[in-house]
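In: curious how this folds, go ahead:
(chains A, B and C)
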Amino acid sequence: MVAQQDREQTLKQQTNDIDHNQHGKEDKLNGTFISVLLIGAFIALSWIGIFLLFMDRA
Amino acid sequence: MQKNTDSRLALWHILIAYVALTLGGVAGILQGLVRGGMIELPYGIGYYQLLTAHGVLMALVFTTFFIIGFLYAGMVRTTGPLLSTVNRIGWIGFLMMTVGTVLGVIMVLLNKATVLYTFYAPMKASPWFYIALVLIVVGSWCAFVAILSQLRYWKRTHKGKLSPLFAFMAASTMILWFVATLGVAVSVLLQFIPWSFGWVDTINVLISRTLFWYFGHPLVYFWLLPAYACWYVIIPKIIGGKIFSDSMARLSFMLFLLFSIPVGFHHQLMEPGISPTWKYVQVVLTFLVVIPSLMTAFSMFASFELYGRSKGARGLFGWVKKLPYGDARFLLPFVGMLIFIPAGTGGIINASNQMNAVVHNTLWVTGHFHITVASTVAMTFFGITYWLIPHLTGRTYTKKLNRMGILLTITWTFGMALMSGAMHIVGLFGAPRRTAYTTYGDHPTALSWLTYEAVMAIGGVILFIGIIILIISIFMMLRAPKGTEEFPIGEVHDDAGAVPAVLDKWGIWIAILVVLIIVAYAIPFGDMFSGGPGSKPWITW
Amino acid sequence: MHIHRLEKIWLAIGTLMLFVFLAAVGIGAFAMGNHPPGHSEGIKLDPEKVYETPPFDDPRIEQIGDNEYNAYMVAYVYGYSPHNIEIPVGATVHFYITSADVVHGFAIPGTNVNMMVVPGEVNELTYTFDEPGEHLLICNEYCGIGHEYMSTKIIVKG
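Out: Numbers count the residues shown, from 1 in each chain, chains lettered A, B, ... in the order given. Here you go, the predicted structure:
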């Protein structure tokens, strides 16, 4: 029973290791994150603009 | 790659694609100048004839031929020489598509098919036009069989190994194309051809439109997915970086497969005969197809940032400076990516149910598809061409060619900004698309559009100059110094993680797709069968 | 399968935004009656017999209430029947329209009036004309060689 728990623990550890690089953490992608948020903002503002135009004409 | 029958197969597809682009471009500049009030057409050429030619040559011929040629070349690069049967099927398909194209263009030039590339019933073209379409589509199915057969052979001889990412994407693209073209094939074979030959009296217009748009929406993803394949697999190699995530790239393609097909109603939102409920269901499904593009945006920036940081870039955006903007193989697709931001945004707006009333059949829609297929996709394809033709012909991508590519990027971007920018604005003012020059009897509303239409014409002229730059480039490529030009294929980032098996096979995804198609279409499509006797043919040109 | 933390957050934000848009148009359509145009109550016509089939055998504007009208219209190559429609300012008009031949459009630029006219089907939309003036009504679906001439006016008096 204990051996099985040990095996499960090892598997979990290995899975965690796969998710992280040699330095134990994820890559720095803050610039990417801000870039896509800016894209999201562009989409939102454009959509809202046409939505308001539609409502104004209704 | 040495000159051999595989290279020739890919090369001929690409050369025919550019013949089509050139002819289509001539039509385009003439249309722009007419609509801009600057010229009248000579020799009795009809505006709507030109428009039909432009749509067919650009949206069906240029795209399909380029995509198939590009995918063949990539299959050879990643899975080895084509099996001899695969190569033979490829040539048969090429022949069918070319014969179909020539037949179709002749019908259009003879003014027997002035029905635009959507050929809406009950306008009736010559039956030979529809036969031409069948030849093109069935010819393309040969490419579908060829590419899947080649990958199947590779998988058998590399048991247990993950398919090369490019090959997986090529196969996914062709599966999407096959499922999509079934709709238009059924309509053309069972409706249009018998009706145009006079074997049946009437056609059910709503069914024909629905089958067309069942095809017409995934058509744009057939265009987009090869561009995405370039962005995911090729661009990282060109910049000297790595593919951010193999799994996420594959997942995005599977999501495109699922959600680009059961959504045709968003092109039919203003039509009668489809209930608001079913329109909304397909609008929801359409919005889901935005998600894999949001994933792609993240992956693109991530691969750029990882590369930049690996070269010592610091801060939030230091990596931006590290990208090879002076390399047209990067710059053309990169500008295509940037243009996709407003392009995709416009698509979300267009599909927004009742909001479609603001833009339906206006020049906004024309502006939209000129920045999607004619910028994002076309510029990516142009960027590929600059190294692909040298690669296929055993020549090199020279500094001179690179300068032409940079010049093309600037010209195309500037021309499109003017033309599509003006189209988007004047479209919001209600100016109709697919319409020759008119002022509707000097009505003030129509007169207010004239300046924008003139700007559109100027943009169109600049774009035509871009086409000239491109054609000169192709001639330069065919005479470039001999050598070896690589087909860049990226490697995956070390930390990307293992790829789940479900992202290297299609059975489960196709099964889900079939369910989605049935859910989205069965009931509303079934309702279209009950009703009136249908329409007799009309020839209104 | 590894998904970067920031990608998960981005996709969550992006998906949420899409669902907000869907909710907005969904509520507008189903709770407030702002559906896209469409008349799917099984009204099908024989396009050959449009001019014999009521109400299109007598294309007209008919008052049905206080400043409220039904407009029964037929689109054809290259015009509309009736044409040069006169109504008082503030009129609410329910347009019912079919085609005598090919697919046409029916659009008043600068407004949300925009719908397809399909032979064998009746399309319907309702609009209240608050602005006086001569509004251009055009066909915005290619219908043949005279397409760019196909238009009429809605003359709103007041």
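
In: just give me the neighbour total for the residue in chain A that chain C sits nearest to.
Out: Nearest to chain C in chain A, going by Cβ to the nearest Cβ, is residue A:33, at a distance of 4.3 Å. Heads up, the C-betas are built off the backbone N, CA and C, glycines and all. By other Cβ atoms under 10 Å in any protein chain shown, the residues close to residue A:33 number 21.

In: Three-state assignment for it, please.
Out: helix (DSSP: H, G, I helix; E, B strand; the rest coil).

In: ok, for it, nearest residue in space, not its chain neighbours?
Out: Using Cβ to Cβ, 6 or more residues apart in numbering or on different chains and skipping the chain neighbours, the partner closest in space to residue A:33 is residue C:6 (4.3 Å).

In: what do you get for residue B:170?
Out: Setting aside the residues directly before and after it, residue B:170 is nearest to residue B:71 in space (Cβ to Cβ, 6+ apart), at 4.3 Å.

In: how about the residue most central in space within chain C, secondary structure?
Out: With distances taken as Cα atoms, centre = their mean, the residue of chain C nearest its centroid is residue C:115 (3.3 Å). The three-state assignment at residue C:115 reads strand, by three-state DSSP.

In: contacts only, for it.
Out: Residue C:115 makes contacts with B:270-272, B:357, C:37-38, C:97, C:105-107, C:123, C:125, as judged by Cβ atoms under 8 Å, 6 or more residues apart in numbering or on different chains.

In: cool, residue C:141 as well?
Out: By Cβ under 8 Å, 6+ apart, residue C:141 lies in contact with B:120, B:361, B:434, C:103-105, C:116-117.

In: and residue B:232, by the same measure?
Out: Neighbouring residues of residue B:232 by Cβ under 8 Å, 6+ apart: B:165, B:169, B:243, B:249, B:296, B:299, B:490.

In: and the pLDDT for it?
Out: The per-residue pLDDT reported for residue B:232 equals 98.

In: quick one on the thing from earlier: so of the contacts of residue C:115, which ones are in strands?
Out: Counting by DSSP state E, the contacts of residue C:115 place C:97, C:105-107, C:123, C:125 in strands.

In: got the confidence number for residue 13?
Out: Since no chain was named, I'll use chain A. 50.

In: oops, wrong one, chain C.
Out: Reported pLDDT for residue C:13: 98.

In: if you average the pLDDT over stretch B:40-50, what comes out?
Out: The average pLDDT within stretch B:40-50 is 94.

In: that one vs chain C: in contact?
Out: Yes. Contact of stretch B:40-50 with chain C (Cβ under 8 Å from any Cβ of the partner chain) involves B:46-48.

In: ok, now stretch B:446-462?
Out: Yes. Interface with chain C: stretch B:446-462 contributes residue B:446 (Cβ under 8 Å from any Cβ).

In: likewise for stretch B:521-536?
Out: Yes. Using Cβ under 8 Å from any Cβ, stretch B:521-536 reaches chain C at B:527, B:530-536.

In: what is the nearest of these to chain A?
Out: Chain A lies nearest to residue B:527 out of the residues of stretch B:521-536 next to chain C, by Cβ to the nearest Cβ, at 27.8 Å.

In: quick one: contacts for residue C:3?
Out: Applying Cβ under 8 Å, 6+ apart to residue C:3 gives the contacts residue B:248.

In: just to revisit the earlier point, just the residues of stretch B:40-50 next to chain C that are near chain A?
Out: With Cβ under 8 Å from any Cβ as the criterion, those include none near chain A.

In: and stretch B:119-133, end to end?
Out: 11 Å (Cα to Cα, to the nearest Å).

In: ok, stretch B:353-370 next?
Out: End-to-end distance of stretch B:353-370 (Cα to Cα): 22 Å.

In: still on that earlier bit, out of the contacts of residue B:232, which are inside helices?
Out: In this view, those that belong to helices under DSSP state H are B:165, B:169, B:249, B:296, B:299.

In: of the residues you listed, just say which sits nearest to residue C:68.
Out: Of all the ones in helices among the contacts of residue B:232, residue C:68 sits closest to residue B:296, with 50.1 Å by Cβ to Cβ.

In: in the helix or strand containing residue B:514, what counts as buried?
Out: Assigned by DSSP states H and E, residue B:514 belongs to helix B:507-527. Across helix B:507-527, burial judged by 16 or more other Cβ atoms under 10 Å in any protein chain shown covers B:509, B:513, B:516-517, B:520-521, B:524-525, B:527.

In: tell me which residue in chain C sits closest to chain A.
Out: Proximity of chain C to chain A (Cβ to the nearest Cβ) peaks at residue C:6, 4.3 Å away.

In: ok, chain B next?
Out: The minimum distance from chain B to chain A, using Cβ to the nearest Cβ, falls at residue B:301 (3.9 Å).

In: isn't that residue right next to residue A:35, touching?
Out: Yes. Contact status for residue B:301 versus residue A:35: in contact at 4.7 Å, counting by Cβ atoms under 8 Å.

In: for chain B, give me the ranges with low pLDDT.
Out: Chain B contains residues with pLDDT under 70 at B:1-3.

In: and it, which of its residues are near chain A?
Out: Proximity of chain B to chain A, by Cβ under 8 Å from any Cβ, involves residues B:294, B:297-298, B:301-302, B:304-306, B:309, B:315-320, B:341-342, B:344-346, B:348-349, B:352, B:354-355, B:357-359, B:428, B:494-495, B:497-498.

In: if we can go back for a sec, which one of the residues of stretch B:521-536 next to chain C is nearest to residue C:142?
Out: Nearest to residue C:142, judged by Cβ to Cβ, of these is residue B:535 at 16.1 Å.

In: now the closest residue to chain B within chain A, nearest residue through space, not along the chain?
Out: As assessed by Cβ to the nearest Cβ, chain B sits closest to residue A:32 within chain A, at 3.9 Å. The spatial neighbour of residue A:32 that comes closest, neighbours along the chain excluded (Cβ to Cβ, 6+ apart), is residue B:301 at 3.9 Å.

In: run the chain-centre distance for the helix or strand where the one you found lies.
Out: In this assignment (DSSP H and E), residue B:301 forms part of helix B:291-310. Its chain's C-alpha centre and that of helix B:291-310 lie 23 Å apart, by Cα atoms, centre = their mean, to the nearest Å.

In: repeat for stretch B:487-500
Out: On the basis of Cα atoms, centre = their mean, stretch B:487-500 is displaced by 26 Å from the centre of the chain it belongs to.
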